[in-house]
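Quick check, what structure comes out for this input:
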Amino acid sequence: MVRLKDIAERAGVSVMTVSKVLRDAPDVSAATKTRIKLLAQQMGYVPNSMAQGLRNRTTKLFGLVISSSTDPIHSRVLLALEERAHDLGCEIILTHTLNIPEREDACIRRLLSRRVDGLFISPVYRLPPEAPTYQELLRRGVPTVILGHCAPFCSQFVNVETDDSIASYNATQHLLQLGHKRIAFLAGPPANPWAQERFEGYRRALREASLEVDDRLVFQSGNTIEDGAKAALQTINEGAKATAVQAVNDLVAIGAANAFLNQGIKIPQDLSVVGFGNILTSEYFRVPLTTVRQPKFRLGSAAMDSMLKLLGGERPEPKRLPADLIVRASTAAPPAHPSS
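Numbers count the residues shown, from 1 in each chain. As a prediction, the model looks like this:
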């Protein structure tokens, strides 16, 4: 391993001069800086980030806690965070909770043991108003940004989120404007604030259209493709007679749409389907999916902006980003005689 002493001997200068050059100190001439930096590069010198961290009391490490990097929403947020971290000369340590609270606790504790400068957390949502690990983060004063909506147990932290309520409202409005009156809703996990907001947006659009919210058109569907397929079959078996289906996310919408198509129900001729998220698969599904485009990359970038303010001693405001409706081939006017 190349040391500062090795570079100093080769350059014929002191170790202090080399150290100043590599820290870009102002009291060294430009010519000397250029010569020593080029020499350090040629010799393969790699800075010891651990030693720098001890001196600066920073590690240039951020911890990221998400359910899974295979989640298409998280993958774009991760990309934005990693790009910003790279530009800052920092690194991201990624951990997966698999939506298990105990695993989330372990992930956070491991990251704290690495002395990360800050944490980005997509929470494992739960109903209790407090969570011991989050209380510990508050006590320690660890800079923490919540990726997504805050629930009571994490409400004291800064967060970035999508305005899911208005986005879902706009999706329902789109179906209403096409002439649909029997719109089924495939709801997400009740403990998740984003699922609650999307359901509330749907309900508000119906109320403003003077339509009652029919509980027989609301189906609990989870948040996976398999959950969507099961919910779709349930709508058929229970004779919902919906002319449109609005799903809590794209995965549920794709699972449901696939099940409908396999049952001989044509989309959108017999049934319109709307998702939420605008994951890549939605555009290239068998019937390209009308959906809400979540600002996934911008959410990640906004989260890093908030983190930098926290590290600078500021308390940033929560950020709520708008989402746009993308109309594709899966929605159309309702059929004269509903078949589902």
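
ok, how many other residues are close to Ser29?
Look at Ser29: counted by other Cβ atoms under 10 Å, it has 9 neighbours. Bear in mind the C-beta positions are built from the backbone N, C-alpha and C, glycine included.

for the record, mean pLDDT for stretch 135-153?
Taken as a whole, stretch 135-153 has a mean pLDDT of 96.

can you pull the buried residues of that stretch?
Buried residues in stretch 135-153, defined by neighbour count with 16 or more other Cβ atoms under 10 Å: 137, 142-151, 153.

now the residues you listed in JSON lines, with secondary structure and distance to Leu233?
Converted to JSON lines, these look like this (DSSP: H, G, I helix; E, B strand; the rest coil; distance: Cβ to Cβ, whole Å):
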{"residue": "Leu137", "secondary structure": "helix", "distance to Leu233": "42"}
{"residue": "Val142", "secondary structure": "coil", "distance to Leu233": "45"}
{"residue": "Pro143", "secondary structure": "coil", "distance to Leu233": "46"}
{"residue": "Thr144", "secondary structure": "strand", "distance to Leu233": "41"}
{"residue": "Val145", "secondary structure": "strand", "distance to Leu233": "39"}
{"residue": "Ile146", "secondary structure": "strand", "distance to Leu233": "35"}
{"residue": "Leu147", "secondary structure": "strand", "distance to Leu233": "33"}
{"residue": "Gly148", "secondary structure": "coil", "distance to Leu233": "29"}
{"residue": "His149", "secondary structure": "coil", "distance to Leu233": "30"}
{"residue": "Cys150", "secondary structure": "coil", "distance to Leu233": "34"}
{"residue": "Ala151", "secondary structure": "coil", "distance to Leu233": "31"}
{"residue": "Phe153", "secondary structure": "helix", "distance to Leu233": "34"}
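
Could you dump those residues into CSV and include distance to Glu104?
Compiled in CSV, the buried residues of stretch 135-153 are given as follows (distance: Cβ to Cβ, whole Å):
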residue, distance to Glu104
Leu137, 12
Val142, 15
Pro143, 18
Thr144, 13
Val145, 15
Ile146, 12
Leu147, 13
Gly148, 13
His149, 16
Cys150, 15
Ala151, 13
Phe153, 11
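
Show me which of those residues is closest to Glu226.
Checking those against Glu226 by Cβ to Cβ gives Gly148 as the nearest, at 22.3 Å.

quick one: stretch 115-126 to chain centroid distance?
Here stretch 115-126 is found 12 Å from its chain centre; the criterion is Cα atoms, centre = their mean, to the nearest Å.

An error on my part: the question was meant for stretch 197-204.
For stretch 197-204 - counting by Cα atoms, centre = their mean - the centre lies 20 Å from the chain centre.

what does stretch 112-119 give?
Taking Cα atoms, centre = their mean, one finds stretch 112-119 lying 20 Å from the centre of the chain it belongs to.

ranges for the helices of the stretch 151-300 of the chain?
Assigned by DSSP state H, counting those that start in this stretch, the helices in the stretch 151-300 of the chain fall at 164-178, 193-208, 225-237, 250-262, 280-283, 296-311.

okay if I get those as TSV plus mean neighbour count, distance to Leu186 and mean pLDDT?
Below are the helices of the stretch 151-300 of the chain laid out as TSV (neighbours: other Cβ atoms under 10 Å; distance: least, Cβ to Cβ, whole Å; pLDDT from 0 to 100):
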stretch	mean neighbour count	distance to Leu186	mean pLDDT
helix 164-178	21	12	98
helix 193-208	20	10	97
helix 225-237	20	5	96
helix 250-262	24	5	98
helix 280-283	16	15	94
helix 296-311	20	21	97
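
got TSV for these, with distance to Ala85 too?
Compiled in TSV, these are given as follows (distance: least, Cβ to Cβ, whole Å):
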stretch	distance to Ala85
helix 164-178	26
helix 193-208	25
helix 225-237	31
helix 250-262	27
helix 280-283	23
helix 296-311	7
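
Val28: which of those is closest?
Val28 sits nearest to helix 296-311 of all the helices of the stretch 151-300 of the chain, at 28.1 Å, using Cβ to Cβ.

Show me the one of the helices of the stretch 151-300 of the chain that comes nearest Ala30.
Nearest of the helices of the stretch 151-300 of the chain to Ala30, taken as Cβ to Cβ: helix 296-311 at 29.4 Å.

Who are the packing partners of the closest one?
In terms of contacts (3 or more Cβ pairs under 8 Å, 6 or more residues apart in numbering; DSSP states H and E), helix 296-311 is packed against helix 72-87, strand 118-121, strand 144-147, strand 158-162, strand 319-321.
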